[in-house]
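Q: Let me see the structure of the following:
(2 chains)
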Amino acid sequence: MIVAVDWAGVAQQVVSGLSSGGIYALLAVALVLIYRATGVVNFAQGELAMFSTFVAWTLTQHGLAYWPAFVVTVLAAFAGGIVLERAVIRPVEQASVLTVAIVTIGLFFVVNGAAFWIWSPEVKSMPNAFSTRPIRIAGVAFSISDLGIIGVSLLAVLLLWLFFRFTKLGLAMRAAALNPDSSRLTGIRVSWTIALGWGLATALGAVAGLLAAPPLGSFDQNFMQPILLYAFAGAVLGGIDSALGAVIGSLALGVFLNLLGTYVSWVGTDLRQAAALAVILVVLLVKPAGLLGTAAVRRV
Amino acid sequence: MISRAVRIGALVAVAAAAVALVLVLPHWLSDAKAAEFARAGCLFIAIVGLNLVTGYTGQISLGQGALMAVGGYTTAILTANHGFRDLWTIPLAGLVAMAAGFVVGLPARRLSGLYLALATFAFAVAMPALLKRFSGLTGGSQGINLFDKALNRSTGALGHVHVLGRTLATNDFLFYLTWGIGLVLAGAAWLLVRGRVGRAFRAVRDSEVAAASSGINTGFYKTLAFGISGFYAGVGGSLFVLVSNWFVSPSTFGFDKSLLLIVGAVVGGLGSLAGMALGALFIQFVPDWAGNLSSAPGAPSVFFGAAIVLVMILLPAGLGGLFRRLAEPLTRRL
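A: All right, here's what the predicted structure looks like:
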């Protein structure tokens, strides 16, 4: 059992958990975006983020610094997401949700395989985005990298929220997600709002991948898979149809996982995923629509 | 109008054709190919079960691979440590996995759609970790090798099997075993979905509220669907251990197996039994073919994924849907 609580250590673990949680949150919001537009979980979301990260890695290999590569990659990911939606999701737009979900599983294999094909299986490493020096706040040393990741991910989510809340295009996208048929009648091109949603989601994923890669030291083509799992869990925990819920769920999950891994020794690394998922299951059994999700009202 | 007699006649003909196909196929297959088809048979059984829960009852399950693991490990542990002959453990594996299926199905009483999908997926992700954690029982990440531990109780491990006075090569025997059991279980599933239970399943899928207001206990039938599909997964998992050279380890049933099974079910075409066989063959053989096209790292995965995407774009109702469309002019004339 816990004998003496080292509060500075706890604070460090919480911040480092928030930084992982911020990365999960970006991907979780990406999942929510596509879920709200089409009712589908995009299984390829993590792999698309991984692919973007490898593109950025190539740019840094050609002499670009981290942040310029970051900007170029996020823009390219946005365009790539739109192209991808037009190419493979549009043809199955009318099919069942399960069919579309299977297409994204197919996409998972294609993107993962393509990255191995293009970049060969050796591990890569990414230049640091932030200073590696620690910063002391109230006598406790925090990692600047953790704080930077928290800041950038929250900023990205905030920008997205501003876009949806205050622009006409954002309004159109929300309308199309809420009621496609009526939106079509008011002249919104619903199919294109879905493509735009894919673009935004892929761009968010790129931010997630680019923030996640440098602290890992070395990464390979499978590095986003556990992150996607946690993002999925965080989104469901918060309520899959709520972006705010996804952010809160992901941050909470990040902190919880970190504390669990550090302070509950029998869980160790092997059972961390299992334990996290078990806790989420319990939360869901109490609140079946997640923490902030809308409870389903059914009518005959 | 199709008369009842004609319809029954057609069904008997289809069933007879399926049995005949299973009986003659090994004569045309090489030894290695027979083993691969036997593996596809195991996947077929698990997919038929998944079809009951996802196709007929409408509950997305991403945990079928983990239920296969329960069946596979039941067989491995009973054969290795408790003196059972491997073949006798197959029904037991089905029953143990059925019990696990009921437990997995319990959240389905409260959760639906994606939330249920995550709950079942959690089970699939946790399974390999749990298997490694309780290594005293499961052999940890080394797994259990019946070839070493119980050679004399592993039917066919010595190279051939005597059945009904005939000697069969091991892989032919395993082919007959898996596809024989597969056909019987597929027939059972066919009877089930056409009876009272099957009607209840479909009612739950089409509208839970309507089903409940017609007096169907939706929670019970959802859990039942998971339990039955668990039985199928358990039998499939048990056989999978036998056809994998009597060896099982946590990586045999990773969460990718669960994803592949749902891919197989949807590519095959939910709601069609012939489609399930095609789906099983798809996930067994397409990755191999993809590997033959190019051996560059990652290339097979690209081709396999592209094949999934293409099938779904061209045939949104799956390969079974294509079957139905081709057969339609014929059945209409009947």
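Q: Quick one: name the residues of the stretch 201-334 of chain B near chain A.
A: With C-beta under 8 Å from any C-beta of the partner chain as the criterion, the stretch 201-334 of chain B comes near chain A at residues B:207-210, B:213, B:259, B:262-263, B:266-267, B:270, B:296-309, B:312-313, B:316. From N, CA and C alone the C-beta is placed, and that goes for glycine too.
Q: Now the phi/psi pair for A:Glu93, please.
A: Per-residue torsions, A:Glu93: phi -50, psi -40 (degrees, to the nearest 10).
Q: gap between it and chain B?
A: 10 Å (C-beta to the nearest C-beta, to the nearest Å).
Q: Am I right that that residue is in contact with A:Ile194?
A: Yes. Judged on C-beta atoms under 8 Å, A:Glu93 makes contact with A:Ile194 at a distance of 7.5 Å.
Q: ok, the two, which is more surrounded?
A: Using other C-beta atoms under 10 Å in any protein chain shown as the criterion, A:Glu93 and A:Ile194 rank with A:Ile194 on top: 23 against 12.
Q: and the gap between that one and chain B?
A: Taken as C-beta to the nearest C-beta, the span from A:Ile194 to chain B is 16 Å.
Q: Can you tell me the SS state at that residue?
A: Under the three-state scheme (DSSP: H, G, I helix; E, B strand; the rest coil), A:Ile194 adopts helix.
Q: name the element the closest residue to A:Val55 other than its chain neighbours belongs to?
A: Closest residue to A:Val55 apart from its sequence neighbours, by C-beta to C-beta, 6 or more residues apart in numbering or on different chains: A:Thr73 at 5.4 Å. A:Thr73 belongs to helix A:66-84 when assigned by DSSP states H and E.
Q: residues in contact with residue 132?
A: Since no chain was named, I'll use chain A. Going by C-beta atoms under 8 Å, 6 or more residues apart in numbering or on different chains, A:Thr132 touches A:Ser143, A:Ile144, A:Ser145.
Q: my bad, chain B
A: By C-beta under 8 Å, 6+ apart, the neighbours of B:Lys132 are A:Asp270, B:Thr138, B:Gly140, B:Ser141, B:Pro250.
Q: And the strands in the stretch 101-250 of chain A, which stretches?
A: A:134-137, A:140-143 (DSSP state E, counting those that start in this stretch).
Q: roughly how far is the first one from the heart of the chain?
A: On the basis of C-alpha atoms, centre = their mean, to the nearest Å, strand A:134-137 sits 27 Å off its chain's mean C-alpha point.
Q: Need the contact partners of that strand.
A: Residues outside strand A:134-137 that contact it (C-beta under 8 Å, 6+ apart) are A:Ala141, A:Phe142, A:Ser143, A:Ile144, A:Leu147.
Q: avg pLDDT for it?
A: In this model, strand A:134-137 has an average pLDDT of 81.
Q: Within its sheet, name the partner strands of that strand and how each one runs.
A: Strand A:134-137 has the following strand partners under DSSP bridges: strand A:140-143 (antiparallel).
Q: Give me the nearest residue to the residue positioned nearest the centre of chain B, chain neighbours excluded.
A: Among the residues of chain B, the one closest to the centroid is B:Ala46, at 1.4 Å (C-alpha atoms, centre = their mean). Among residues not flanking B:Ala46 along the chain, B:Gly236 sits closest, at 3.6 Å (C-beta to C-beta, 6+ apart).
Q: what kind of secondary structure is that neighbour in?
A: Applying three-state DSSP: B:Gly236 is helix.
Q: before we move on, the earlier item: out of the strands of the stretch 101-250 of chain A, nearest to A:Ser125?
A: Nearest to A:Ser125 among the strands of the stretch 101-250 of chain A is strand A:140-143 (17.6 Å), distances taken as C-beta to C-beta.
Q: quick one on the thing from earlier: check which helices and strands the helix holding A:Thr73 sits against.
A: Contacts defined by 3 or more C-beta pairs under 8 Å, 6 or more residues apart in numbering or on different chains; DSSP states H and E place helix A:66-84 against helix A:45-61, helix A:190-216.
Q: Turn those helices into CSV, columns for mean pLDDT.
A: Shown next, in CSV, are the helices and strands packed on helix A:66-84 (pLDDT from 0 to 100):
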stretch, mean pLDDT
helix A:45-61, 94
helix A:190-216, 92
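Q: Kindly reformat the ones you listed as JSON lines containing distance to A:Leu259.
A: Formatted as JSON lines, the helices and strands packed on helix A:66-84 follow (distance: least, C-beta to C-beta, whole Å):
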{"stretch": "helix A:45-61", "distance to A:Leu259": "24"}
{"stretch": "helix A:190-216", "distance to A:Leu259": "18"}
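Q: do you know which of the ones you listed lies nearest B:Ser154?
A: helix A:45-61 (39.4 Å).
Q: in the closest one, what counts as buried?
A: Neighbour-count burial for helix A:45-61 flags A:45-57, A:59-60 (criterion: 16 or more other C-beta atoms under 10 Å in any protein chain shown).
Q: cool, and stretch B:69-82?
A: Neighbour-count burial for stretch B:69-82, counted by 16+ other C-beta under 10 Å, picks out B:Ala69, B:Val70, B:Gly71, B:Gly72, B:Tyr73, B:Thr74, B:Thr75, B:Ala76, B:Ile77, B:Leu78, B:Thr79, B:Ala80.
Q: Can that stretch be said to contact chain A?
A: No. Using C-beta under 8 Å from any C-beta, stretch B:69-82 stays clear of chain A, with a minimum separation of 13.5 Å.
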